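1. generate coordinates for the sequence data below:
(chains A, B, C and D)
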Protein chains: 2
Amino acid sequence: MGKRASAELGTGRADDGLGGNGRDEVIYRNLFVAIVENHLAPGTKLPEDTLAETYGVSRTSIRKVLQRLAHERLVDVRLNRGASVAQPSVGEARDIFSARRIIECGAIAQVVAKATPAALEELRELVRREHAAQDRGDWRESIYLSGAFHVALIRISGNETLTDFLTQLVSRSSLVIATYGSPQTASCRHSEHDDVIEIIAAGDVEGTTRWMDRHLRDVERTVVLVEEEPVAADLKKILEEVAQRRPKLR
Amino acid sequence: MGKRASAELGTGRADDGLGGNGRDEVIYRNLFVAIVENHLAPGTKLPEDTLAETYGVSRTSIRKVLQRLAHERLVDVRLNRGASVAQPSVGEARDIFSARRIIECGAIAQVVAKATPAALEELRELVRREHAAQDRGDWRESIYLSGAFHVALIRISGNETLTDFLTQLVSRSSLVIATYGSPQTASCRHSEHDDVIEIIAAGDVEGTTRWMDRHLRDVERTVVLVEEEPVAADLKKILEEVAQRRPKLR
DNA sequence: AAATATTGAATTGTGTACAAATGGATTCTA
DNA sequence: TAGAATCCATTTGTACACAATTCAATATTT
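-> Below you'll find the predicted structure:
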């Protein structure tokens, strides 16, 4: 169940140039997933003590992870006030989708040029898993895989730097959806991912670019840009559940 | 001398969402400038003790700064091996410039749309300072201001997220130039920055995009893609000199 | 002499202790 | 009772100490 070994959302590489060892990486990954899959609502406070207890390490390690997430704009860290799950503003939300259009459309030419049959098959596999998640009503996994698809698509370009940027944008998009959109709308309707694979396979740069631009505008349109109220929940319990859902990380 | 208050390369904002207080910020800024202005050659080791002594803080603070720089890919941090100034590979260099073309060209439309007279005047001021730096042979300041120009241009788009990405790419470009290019070639020849301001002022999106694409390809072409040898230097001394050059930071 | 093993100084990783700051509850005042 | 000031519990910031690891120099073996 839930094997997502092949194409994670995120860098995935053990040596990411940030010097994180295995344990930090697991903690980071758990928090990352908890935020991106919306187990932790935007605005949720993330006290260092609680996290340290939860994962059985000292605050030192936790702080490192929190700073990394802060740099990826998934958590907000304010001086002397600790960390909390980021709440993108409306302006930020617009910036994020605008940036996605520029990057994802801009990289299409190289993606089409380098799209091997194996790469396309990997995309199809992601779409299959996305549909499966939708069919069983797992909208969290569905959103996650939808994001993973976009990242996997751009990764075909071979540009790691751009892929890292997009990974961040896609993660933050999940936060935007969690903050402003109704989850089911955002994830279910836009499973047109099948279509684009064939356009890419046909070598149609123009068509792929048009598809991507329209697709991203569609996704953006589903999020309602109305402010909502922050929520507080049982952090420790949630994190332990997320940790259990991912037994491979040990 | 060297007043660069108006348009720094980097976020500049005190509250950057990362929770850095004043002192960390100063240390970060000093190291950032030392790396981007090529006072510290790519590959230079950055031992925590030395930095802690230099800035009169404990290793704890230093580690935080180093991790931030690592996340911006300006330093490499390897497990149990410490930090060193990043040495972009040839592939990374290509990725960086490719990403810059996509982002900088992609954002042009919004830049032209939002370009106010005040914004254009700020660009002109940067070009003036860049020329002044060139005229007195200060190629470090010249490279710095050249990068600041590109960032300021994209900042006009109003997209902070994209601006942050470009800031990172421009910083890393400095590292690429330091690693593979001869400094004078890279900074002096490409002071065609004047030209683009007028094209923007004319509201010519197409023209500006073409200019930018060609400009970036020109810059990329000046860096010779041949490996070189790492160097070791007197780290502490260099950092103290850089700190003194920037008296406003206290 | 070359290759390998060992030792130790130097450096990084991690936990803990204490200082500083925050925010809420209580008390005081008008 | 409303508002302001104060106090205290909680949480974060920073320094330091010790463990673990690396790297290079020396010693050992063949």
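2. from now on I want contacts and neighbour counts done on CA atoms only, so please keep to that.
-> Will do.
3. how near is residue A:99 to residue A:168?
-> 11 Å (CA to CA, to the nearest Å).
4. so the two - more neighbours on which side?
-> Neighbour tally, residue A:99 and residue A:168, criterion other CA atoms under 10 Å in any protein chain shown: the higher count belongs to residue A:99, 24 against 20.
5. show me what contacts that one?
-> Residue A:99 makes contacts with A:169, B:159, B:161, B:162, as judged by CA atoms under 8 Å, 6 or more residues apart in numbering or on different chains.
6. report the inter-axis angle for the host helix or strand of it versus helix B:90-106.
-> Taking DSSP states H and E as the criterion, residue A:99 maps to helix A:90-106. Helix A:90-106 and helix B:90-106 are oriented at 120 degrees to each other (axes from the mean of the first three to the mean of the last three CA atoms, to 10 degrees).
7. check which residues of helix A:90-106 are buried.
-> A:90, A:92-106 (16 or more other CA atoms under 10 Å in any protein chain shown).
8. and it, how far out from the chain's middle?
-> For helix A:90-106, the distance from its own C-alpha centre to the chain's C-alpha centre is 14 Å (CA atoms, centre = their mean, to the nearest Å).
9. hmm, residue A:199 is touching residue A:207, no?
-> Yes - using CA atoms under 8 Å, residue A:199 is in contact with residue A:207, at 6.7 Å.
10. what about the helices in chain A?
-> A:22-36, A:48-55, A:59-71, A:90-106, A:108-114, A:117-135, A:139-155, A:160-180, A:183-188, A:193-201, A:205-222, A:235-245 (DSSP state H).
11. what's the separation between the residue nearest to residue A:133 when sequence neighbours are not counted and DNA strand D?
-> Distances taken as CA to CA, 6 or more residues apart in numbering or on different chains put residue A:142 closest to residue A:133, at 5.3 Å, once the chain neighbours are dropped. Using CA to the nearest atom of the strand, to the nearest Å, one gets 31 Å for the distance from residue A:142 to DNA strand D.
12. number of nearby residues for residue A:142?
-> Residues near residue A:142, counting by other CA under 10 Å, number 26.
13. confirm for me that it is in contact with residue A:134.
-> Yes - the pair residue A:142 / residue A:134 is scored as a contact, 5.8 Å apart, by CA under 8 Å.
14. out of the helices of chain A, nearest to residue B:28?
-> Across these, residue B:28 has its closest neighbour in helix A:59-71 (14.0 Å, CA to CA).
15. what residues of that closest one count as buried?
-> Applying 16+ other CA under 10 Å to helix A:59-71 flags A:59, A:61, A:62, A:63, A:64, A:65, A:66, A:67, A:68, A:69, A:70, A:71 as buried.
16. check stretch A:68-88 too.
-> A:68-78, A:82-88.
17. and stretch A:39-47 with DNA strand C, contact?
-> No - judged by CA under 7 Å from any atom of the strand, stretch A:39-47 and DNA strand C are separated, with a smallest distance of 11.8 Å.
18. what's the span of that stretch from first residue to last?
-> Terminal-residue distance, stretch A:39-47 (CA to CA): 16 Å.
19. try stretch A:197-205
-> Taking CA to CA, stretch A:197-205 runs 12 Å from one end to the other.
20. could you list the buried residues of it?
-> Buried, per 16+ other CA under 10 Å, within stretch A:197-205: A:197, A:199, A:200, A:201, A:203, A:204, A:205.
21. in TSV, list these along with distance to residue B:176 and pLDDT.
-> Listed next are the buried residues of stretch A:197-205 as TSV, based on distance: CA to CA, whole Å; pLDDT from 0 to 100:
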residue	distance to residue B:176	pLDDT
A:197	35	96
A:199	36	96
A:200	32	97
A:201	35	95
A:203	33	95
A:204	33	96
A:205	30	97
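22. now, among those, which is nearest to chain B?
-> residue A:205 (15.0 Å; CA to the nearest CA).
23. can you pull the contacts of residue A:205?
-> Contacts of residue A:205 by CA under 8 Å, 6+ apart are A:108, A:109, A:112.
24. residues of chain A that sit close to DNA strand C?
-> Counting by CA under 7 Å from any atom of the strand, chain A sits next to DNA strand C at A:19, A:21, A:23, A:24, A:57, A:58, A:59, A:60, A:61, A:79, A:80, A:81.
25. give the contact list for the residue minimising distance to the centre of chain A.
-> The centroid of chain A falls nearest to residue A:171 when counting by CA atoms, centre = their mean (3.1 Å). Under the criterion of CA under 8 Å, 6+ apart, the neighbours of residue A:171 are A:36, A:74, A:147.
26. now, among the residues you listed, which is nearest to residue B:244?
-> Distances from residue B:244 to those, taken by CA to CA, are shortest for residue A:74, at 35.7 Å.
27. once you drop chain neighbours, what's closest to the closest one?
-> residue A:86 (5.3 Å).
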